[in-house]
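In: Got a predicted structure here, sequence first:
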Amino acid sequence: MKFLKYLALLLPIIGLIGYFLYQKYPVNPPIRISSNLYNGELPIDKLNLPEGFRLDVFAEGVENARSLCLSPNGTLFVGTRGKGNVYALIDSDKDGKADKRFTLLKEGKMPNGVAFKDGDLYVAEVNRILKFSDIESKLDNPGEPEVVFDGYPTESHHGWKYIAFGPDGRLYVPVGAPCNMCESEDKIFASITSINPDGTDMRIEQEGVRNTVGFDWNPETGELWFTDNGRDLLGDEIPECEINRTNNKNGHFGYPYCHQGDILDPKFGKGKNCSDYTPPVVKLGPHTAPLGMEFYNNSSFPAAYQQDIFVARHGSWNRKEKIGYDVVRVHKNANGTYEWLPFISGWLSDDKSDVWGRPVDMEVMPDGSMLISDDFGDAIYRVYYQP
């Protein structure tokens, strides 16, 4: 009986300790969330695409494949998060499948982001930006990279980064919130920053961005658009994740005060008004985890798809019923409004109990096909239109 009495006293203490540790050191769960580990050929026949579209495997066995970028010569660079590697893939015979693979970096600190400019490869770790100069001349022996900038925060929660060069020639680098919900005194958190290619003149471009892992510039207007992942622990149905648009001037997108443009945070939203912040253009569903996005600026897909934004919804990690695990497109209607429409599904089973793939990023190729990375299936798919 004494044991039960002491156990009853200890349980609330253990619960409080667990809650404190979650708040202080919250980390997304391991990438593999399916109960059945993948042990065979990729079941791409389970994927559903619109009529006339086809999907092939560009590369498989690319462990933890995440962010993508393409050089003008056709070299595909692939970042990872948990694996710590950066790869280069080449389709030398132009048959739609990579036949050469190089490992450029090993055991990096979440080297998720990759960007290419003027022959050089830039890689984003948690707190620093690396540069491999003239990389395509030494893929088999790249050597040690140059540290271009090492002034970003070292916090790993939401610390992995997507990076890309903007039309202004600057490298855009997001800094996620170091928590699920918090109000940091350091303005660099929950922001999108930019630096010159040589690492100078770091500045904050946008604020109130909880965790963006994908952005692109509208080829018609030059505006920066980006995905943003909504907060956790407000229930399964709110808040929704977002697609946002900037006017290329410093804006504030709500975090941590307002979510999805119209829900005040129960703690940090007191005394605030959602109308003071820039609302999302499109809501992408609760906990869908939109990551990579890209405007389709090519004529290979049918006209109805051109200039749409393709978005990889990586999928929920703590929702009771799984959601996401697909690729959608954001389409502009005739009246100027935007909506999201399905494009590829099937990585999530019909009963929503099992997952065999989690799309992360995409890259539109010169021939109009689209590559999609999958950090769960360790693959890169190629989607093309062939009616």
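Out: Thanks, I have the structure now.
In: any idea how far residue 214 is from the closest residue to residue 290 other than its chain neighbours?
Out: Residue nearest to residue 290 in three dimensions, not counting chain neighbours: residue 227, with 4.0 Å by Cβ to Cβ, 6 or more residues apart in numbering. For glycine as for every other residue, the C-beta is placed from the backbone atoms N, C-alpha and C. As for residue 227, its distance to residue 214 is 5 Å (criterion: Cβ to Cβ, to the nearest Å).
In: so what sits against both of those two?
Out: Shared contacts of residue 227 and residue 214, defined by Cβ atoms under 8 Å, 6 or more residues apart in numbering, are found at 290-293, 311.
In: Could you turn the buried ones of those into a ChimeraX selection?
Out: The following ChimeraX line selects those of those that are buried, judged by 16 or more other Cβ atoms under 10 Å:
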select :290,291,292,293,311
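In: Any idea which residue is closest to the centre of this structure?
Out: Within the chain, the residue whose C-alpha comes closest to the C-alpha centroid is residue 291; the distance, by Cα atoms, centre = their mean, is 2.7 Å.
In: Can you classify that one as helix, strand or coil?
Out: Under DSSP: H, G, I helix; E, B strand; the rest coil, the three-state class of residue 291 is strand.
In: same thing with the one 10 residues further on?
Out: Each residue gets one of three states, and residue 301 gets coil by three-state DSSP.
In: for the closest residue to it other than its chain neighbours, what are its contacts?
Out: Taking Cβ to Cβ, 6+ apart as the measure, residue 301 lies nearest to residue 385, with 5.2 Å between them; neighbours along the chain are not counted. By Cβ under 8 Å, 6+ apart, residue 385 lies in contact with 52-54, 300-302, 368.
In: in the stretch 51-200 of the chain, which spans are helices?
Out: Listed from the start of the chain, the stretch 51-200 of the chain has no helices (DSSP state H, counting those that start in this stretch) to report.
In: which residue ranges form the strands in it?
Out: For the stretch 51-200 of the chain, the strands identified by DSSP state E, counting those that start in this stretch occupy 53-60, 68-70, 76-79, 86-90, 100-105, 113-117, 120-124, 129-132, 146-149, 164-165, 171-175, 191-195, in order along the chain.
In: For the fourth one, what is the distance to the chain centroid?
Out: Spelled out, that is strand 86-90. Centroid separation for strand 86-90 versus its chain: 19 Å, with Cα atoms, centre = their mean, to the nearest Å.
In: would you put the C-alpha positions of it in CSV?
Out: Backbone C-alpha positions of strand 86-90 (Å, rounded to 0.1, in the frame of the first residue of the first chain) are rendered in CSV as follows:
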residue,chain,number,x,y,z
VAL,A,86,24.8,16.5,-49.2
TYR,A,87,24.6,14.8,-52.5
ALA,A,88,25.0,15.6,-56.2
LEU,A,89,23.1,13.6,-58.8
ILE,A,90,23.7,13.6,-62.5
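In: and it, which strands flank it?
Out: strand 76-79 (antiparallel), strand 100-105 (antiparallel) (DSSP bridges).
In: Which among those is found nearest to residue 266?
Out: Each of the strands paired with strand 86-90 was checked against residue 266 via Cβ to Cβ, and the shortest separation belongs to strand 76-79, namely 35.5 Å.
In: Give the buried residues for the closest one.
Out: For strand 76-79, a neighbour-count test (16+ other Cβ under 10 Å) marks 76-79 as buried.
In: could I get the residues you listed as a markdown table with distance to residue 380 and pLDDT?
Out: Output for the buried residues of strand 76-79, formatted as a markdown table (distance: Cβ to Cβ, whole Å; pLDDT from 0 to 100):
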| residue | distance to residue 380 | pLDDT |
| --- | --- | --- |
| 76 | 8 | 98 |
| 77 | 11 | 98 |
| 78 | 7 | 98 |
| 79 | 12 | 98 |
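In: tell me the two of those that are most distant?
Out: Farthest apart among the buried residues of strand 76-79 by Cβ to Cβ are 76 and 79. That separation is 11.0 Å.
In: Spell out which residues are contacts of both of those two.
Out: Listed contacts common to residue 76 and residue 79 are residue 68; contacts here mean Cβ under 8 Å, 6+ apart.
In: Which residue, other than its chain neighbours, is closest to residue 77?
Out: Skipping the residues right next to it in sequence, residue 77 comes nearest to residue 114 by Cβ to Cβ, 6+ apart, at 4.4 Å.
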